[in-house]
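**Student:** Okay, predicted coordinates and the sequence, questions at the end:
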Amino acid sequence: MTRNPCECRDLMKILFFAPHTAIWVHAFPEALVAEALQQGGHEIVYVTCGRQLRRYCVAMSAHNVLPHAPDRHKLTICESCDARKHLLREQFGLKGYDLSELISQEDESCVEEILRRLTLNGIMTLEVEGIPVGRLALYRLMLCRKRIDLDLSEQEWNEYLIELRNTLYALYASLRLLDRERPDRVMVYNAMYSVNRVCCMLAEQRGIPHYFMHAGGNLSNRLQTLLLGRGDTFSYMPHCVEAFAKFAHLPCTGRLLRLVTDHYLELLRGRSVFVYSSRKRRGVFDARSRFGMKAGQKLLLVTMGSYDEEVAAEMVGARRHGSTPLFLTQVEWVRALLAFAKSRSDVFLLIRVHPREFPNRREGAKSQHAVVLEEALRGLPENAAVNWPSDGISLYDLVEQTDVVLNSWSSTGKEMSLLGLPVVIYSRELAFYPPELNYVGTTHEEYFACIERAMSEGWSSERVRQGYRWAAFEFVRATIFLGDSYPEAESLVRPLYVKIVERILRSMGLLVRERRDCRRRRPELDAARLVRQVIESGAQSPLELLDPATVEQADLVEETRCLSRELRRLAEALYPDPKTRRTSRLFPLLNSFSN
């Protein structure tokens, strides 16, 4: 049942800045949110592209079209974007503008003049209307090219100019939109994209709250859940970590725990493009033999993070640190660990380089930092080795024989904690999960004391419990559920003939999947009221509206019983071969959780 507009006392005008409708898995959830607000009586202004970004855009990148591809390939994405835009406007009753309608001839001339005069040295200081457009336009380039500096090649410079041109178009269009429409809220899908971010920053200048949307983090139902909050993901996740303190003591129900396990089973299967590790072997991987460990040595697994997202977010001002981390770079951190290992013959240091540093199935570039690491990780002591991505070793191949995980900021830190392994980190801010899941040392003395303590204390069932509670919070409590209207599952394995038919239909311009999604959505999203409450109240996120006393929860006995069941599922997936279970160290620990 739709909501009577008269029920809402403070009706608003809400601007949806949505120039990437060719990315359906973004555009459709975004439209569901717009519809929920529209059903609450709010006026929606829906802004799409209209081929203004035709030289190259995020949607083209998402469809694997390269910046230097022929124009006809880019045109195909523009046509797809237009078709989906028209479908969404028709099916959801969304009214608004195209960017191409908002850009004047004078704007075009201003953009070209800025591009003509810009030099490489001027990128970081280029501002228009108080917005650092030069920096904002770096985001996708730094991310895709995996750069850690601005020594751009000629091809990279040309790609940057396209991105800057788009950012300037978005700026001039947003200026006109905000002046003309005077919205009460601004909404974007992913506030890190430069064209979206410039609109958000202009809104912020005017005191207009702006919100981002993004798919959730659970790989088993990623597209069925939505992050919704003010700012961007780099401000949202610290907000979640802070909010978790009010919920960390709440026992989870079987449903919440089952959803967490489903995510980790997807990690083990390695099917998602968001899983960078190799798929786990069926049997036990003998890390000690593979890397030449001696009997009695404790394995300290060093899990490095990738710099691409970090550097790109720092460039555009999204990633900020309240305090200086103990180690300024990961190379400095690893060198300190190697010095520690040289004095300790009873440990073996295995340095696992993040797979995103090298070409993978999602990104084809080798990072600049990878070159630095190749130089820095030469001449290691005999009780240290490097696990390069090319080794084809899964992170979960190593958990069986790992005694302590030493993490920078990788999500590995929360994944290993959920398995009960001790993890040591050197900053309370770098990782996007509660530092309380790990041992934290923020001085040299404290950090290495934490390593000693972690080796001494070992595996912990309470760490498993808290790891599950955080994951349930991150994947369920902190998200908006869209599955009743968008039951899309990325992990389903479809027959080859189905994929071929779908490809043919897409090439014919028949939006079969898209029309199906529109047709099967509910008359009103189950979470529509929550969406409206967040936006109407100006809340930071749905978490501000959650009451720990009334959320879904169990008692400790019930949680323990359900955790035992989920850990059996996880243990059996980690060790599918019955023979390896008998010799495994971790398998019986996971299986005996209730004891």
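**Tutor:** Everything's here; your move.
**Student:** Leu511 reaches Lys85, doesn't it?
**Tutor:** No - judged on Cβ atoms under 8 Å, Leu511 makes no contact with Lys85 at a distance of 11.1 Å. Where C-beta positions appear, they are placed from N, C-alpha and C, glycine not excepted.
**Student:** More neighbours: which of those two?
**Tutor:** Lys85 (23 against 18; other Cβ atoms under 10 Å).
**Student:** Could you pull up the residues touching the more buried one?
**Tutor:** Thr21, Thr48, Cys49 (Cβ atoms under 8 Å, 6 or more residues apart in numbering).
**Student:** Just list the residues touching the second one, thanks.
**Tutor:** By Cβ under 8 Å, 6+ apart, the contact set of Thr48 is Ala18, Pro19, Thr21, Cys81, Lys85, Gly96, Tyr97, Asp98, Leu99.
**Student:** so what's Gln224 closest to, chain neighbours aside?
**Tutor:** Nearest non-adjacent residue to Gln224, counting by Cβ to Cβ, 6 or more residues apart in numbering: Gly483, 3.5 Å away.
**Student:** what ranges do the strands span in this protein?
**Tutor:** Counting by DSSP state E, the chain has strands at residues 13-17, 43-48, 95-98, 185-189, 210-215, 225-230, 298-303, 347-352, 384-387, 404-407, 423-425, 439-440, 480-481.
**Student:** mind checking how far Tyr169 is from Ala59?
**Tutor:** Using Cβ to Cβ, to the nearest Å, one obtains 15 Å as the distance from Tyr169 to Ala59.
**Student:** Number of residues surrounding the nearest residue to Ile114 once chain neighbours are set aside?
**Tutor:** Distances taken as Cβ to Cβ, 6+ apart place Leu168 nearest to Ile114, at 6.4 Å, with adjacent residues excluded. By other Cβ under 10 Å, the residues close to Leu168 number 27.
**Student:** tell me the contacts of the residue nearest to Gly254 when sequence neighbours are not counted?
**Tutor:** Once flanking residues are discounted, Gly254 sits nearest to Cys562: 3.9 Å by Cβ to Cβ, 6+ apart. Cys562 makes contact with Cys252, Thr253, Gly254, Leu257, Arg258, Ala554, according to Cβ under 8 Å, 6+ apart.
**Student:** Would you confirm that the fifth one contacts Leu570?
**Tutor:** Same thing as Arg258. No - using Cβ under 8 Å, Arg258 is not in contact with Leu570, being 11.0 Å away.
**Student:** who's more crowded, the two?
**Tutor:** Set Arg258 next to Leu570 and count neighbours by other Cβ under 10 Å: Leu570 wins out with 21 against 16.
**Student:** was I right about Lys294 contacting Phe348?
**Tutor:** Yes - counting by Cβ under 8 Å, Lys294 touches Phe348, with 7.4 Å between them.
**Student:** joint contacts of these two?
**Tutor:** Common neighbours of Lys294 and Phe348 (Cβ under 8 Å, 6+ apart) are Asn383.
**Student:** Comparing the two, which residue is more hemmed in?
**Tutor:** Shown here are Lys294 and Phe348; by other Cβ under 10 Å, Phe348 has more neighbours (26 against 11).
**Student:** isn't Tyr160 right up against Arg135?
**Tutor:** No - using Cβ under 8 Å, Tyr160 is not in contact with Arg135, being 11.2 Å away.
**Student:** okay if I get the strands of the chain as a markdown table plus distance to Pro523 and mean pLDDT?
**Tutor:** Putting the strands of the chain into a markdown table (distance: least, Cβ to Cβ, whole Å; pLDDT from 0 to 100) gives the following:
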| stretch | distance to Pro523 | mean pLDDT |
| --- | --- | --- |
| strand 13-17 | 20 | 98 |
| strand 43-48 | 17 | 98 |
| strand 95-98 | 20 | 97 |
| strand 185-189 | 22 | 98 |
| strand 210-215 | 21 | 98 |
| strand 225-230 | 19 | 97 |
| strand 298-303 | 46 | 97 |
| strand 347-352 | 49 | 97 |
| strand 384-387 | 52 | 96 |
| strand 404-407 | 46 | 98 |
| strand 423-425 | 46 | 98 |
| strand 439-440 | 48 | 98 |
| strand 480-481 | 16 | 97 |
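**Student:** Reformat those as CSV; add distance to Leu120.
**Tutor:** Listed next are the strands of the chain as CSV, based on distance: least, Cβ to Cβ, whole Å:
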stretch, distance to Leu120
strand 13-17, 29
strand 43-48, 32
strand 95-98, 32
strand 185-189, 29
strand 210-215, 30
strand 225-230, 34
strand 298-303, 35
strand 347-352, 34
strand 384-387, 34
strand 404-407, 35
strand 423-425, 36
strand 439-440, 40
strand 480-481, 42
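**Student:** Specify the stretch among the ones you listed that is closest to Glu536.
**Tutor:** strand 185-189 (8.9 Å; Cβ to Cβ).
**Student:** Output that closest one as PDB, nothing but the C-alphas.
**Tutor:** The C-alpha coordinates for strand 185-189 follow below in PDB (Å, rounded to 0.1, in the frame of the first residue of the first chain):
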ATOM      1  CA  ARG A 185      18.400  16.700   0.000                       C
ATOM      2  CA  VAL A 186      20.800  15.400  -2.600                       C
ATOM      3  CA  MET A 187      21.200  11.600  -3.300                       C
ATOM      4  CA  VAL A 188      23.900   9.800  -5.300                       C
ATOM      5  CA  TYR A 189      25.000   6.200  -5.800                       C
END
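**Student:** So Tyr193 is in contact with Ser61, correct?
**Tutor:** No - the criterion here is Cβ under 8 Å, and Tyr193 misses it with Ser61 at 10.1 Å.
**Student:** Pick out whichever of those two has more residues nearby.
**Tutor:** Each of Tyr193 and Ser61 had its neighbours counted (other Cβ under 10 Å), and the higher figure belongs to Tyr193 (26 against 17).
**Student:** Tell me who's in contact with the closest residue to that one other than its chain neighbours.
**Tutor:** Spatially, and ignoring its direct neighbours in sequence, Tyr193 is nearest to Val58 (5.4 Å; Cβ to Cβ, 6+ apart). Applying Cβ under 8 Å, 6+ apart, we find Val58 in contact with His20, Ile23, Arg140, Tyr193, Val195.
**Student:** how about 10 Å then?
**Tutor:** Applying Cβ atoms under 10 Å, 6 or more residues apart in numbering, we find Val58 in contact with 19-20, 22-23, 26, 140, 163, 166, 189-190, 192-196.
**Student:** That one and Thr119: what is the separation?
**Tutor:** In terms of Cβ to Cβ, Val58 sits 26 Å off from Thr119.
**Student:** ok so, going back, reformat the contacts of Thr48 as CSV; add distance to Asn438.
**Tutor:** Formatted as CSV, the contacts of Thr48 follow (distance: Cβ to Cβ, whole Å):
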residue, distance to Asn438
Ala18, 38
Pro19, 40
Thr21, 41
Cys81, 43
Lys85, 45
Gly96, 46
Tyr97, 48
Asp98, 48
Leu99, 45
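**Student:** just to revisit the earlier point, drop anything exposed from the contacts of Cys562.
**Tutor:** For the contacts of Cys562, a burial check counting by 16 or more other Cβ atoms under 10 Å picks out Cys252, Thr253, Leu257, Arg258, Ala554.
**Student:** Report the separation between the last one and Leu257.
**Tutor:** It stands for Ala554. Separation of Ala554 from Leu257 (Cβ to Cβ) stands at 9 Å.
**Student:** Need the overlap of contacts for the two.
**Tutor:** The contact lists of Ala554 and Leu257 share Pro251, Cys562, where a contact means Cβ under 10 Å, 6+ apart.
**Student:** Leu338 contacts Ala385, doesn't it?
**Tutor:** No - applying Cβ atoms under 10 Å as the test, Leu338 and Ala385 come out as separate, 11.1 Å apart.
**Student:** Need the residues touching each of those two.
**Tutor:** Common neighbours of Leu338 and Ala385 (Cβ under 10 Å, 6+ apart) are Leu349, Ile351, Leu377.
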